[in-house]
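Trainee: Task: produce atomic coordinates for the following.
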Amino acid sequence: MSGLTFATHQHYTSQNHIAIFQHDKIHGKWEHEPISGGPCDGERIHPDKFDKLLDEYYELRGWDKNGIPTAATLTALGLEDVNQDIEPKRAQL
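Mentor: A predicted model of the protein is given here:
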C-alpha cells in the first residue's frame, strides 16, 4: 500500500469510529419508491442487494458486520488507541 493510500485508509478508518451507531441502512422513500428522473428512472434500491453490497464493502475496508473497524485493521494502521475507544462499544452490539 502506498504512503498516500495508507494515510487515506488510516484517516477514513479512524473517522468511521465516530459514526459507529449511525447504521448504513436504506430508510424512508428509498426503501419503497422507485427513483424518479435521470438515467435510473423507475429503478429502485433493493434492500437485500444493498445489504449484501454493504457487507462486501465492510469486508474490503477491514470492518466487521456492523461497520466497525476490526482490531486487526486498526493495528495494521497504527490506530491501537482508537481500538481501545471502540472495544467497549463493539461489546455493546
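Trainee: Give me the helix or strand of the chain that scores worst on average pLDDT.
Mentor: Least confident helix or strand of the chain, by mean pLDDT, DSSP states H and E, is helix 3-16 with a mean of 68.
Trainee: so after it, what's the next helix or strand?
Mentor: Downstream of helix 3-16, the first helix or strand assigned by DSSP states H and E is helix 29-32.
Trainee: buried ones in stretch 54-61?
Mentor: The neighbour-count check on stretch 54-61 (16 or more other Cβ atoms under 10 Å) flags 54, 58 as buried. Backbone N, C-alpha and C define where each C-beta goes, glycine included.
Trainee: no, scratch that, I was asking about stretch 65-82
Mentor: So, applying 16+ other Cβ under 10 Å, buried residues of stretch 65-82: 67, 68, 69, 70, 71, 73, 74, 76, 77, 79, 82.
Trainee: can you give me how far stretch 79-93 is from the chain middle?
Mentor: 15 Å (Cα atoms, centre = their mean, to the nearest Å).
Trainee: Pull out the buried positions in that stretch.
Mentor: 79, 82, 83, 86, 90.
Trainee: where's the residue nearest the centre of the chain relative to residue 57, distance?
Mentor: Taking Cα atoms, centre = their mean, the centroid of the chain lies closest to residue 67, which sits 4.3 Å from it. Here residue 67 is placed at a distance of 9 Å from residue 57 (Cβ to Cβ, to the nearest Å).
Trainee: hmm, back to that, now secondary structure, distance to residue 49 and pLDDT too, for the buried residues of stretch 79-93, in TSV please.
Mentor: Formatted as TSV, the buried residues of stretch 79-93 follow (DSSP: H, G, I helix; E, B strand; the rest coil; distance: Cβ to Cβ, whole Å; pLDDT from 0 to 100):
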residue	secondary structure	distance to residue 49	pLDDT
79	coil	31	84
82	helix	31	81
83	helix	31	81
86	helix	28	80
90	helix	27	77
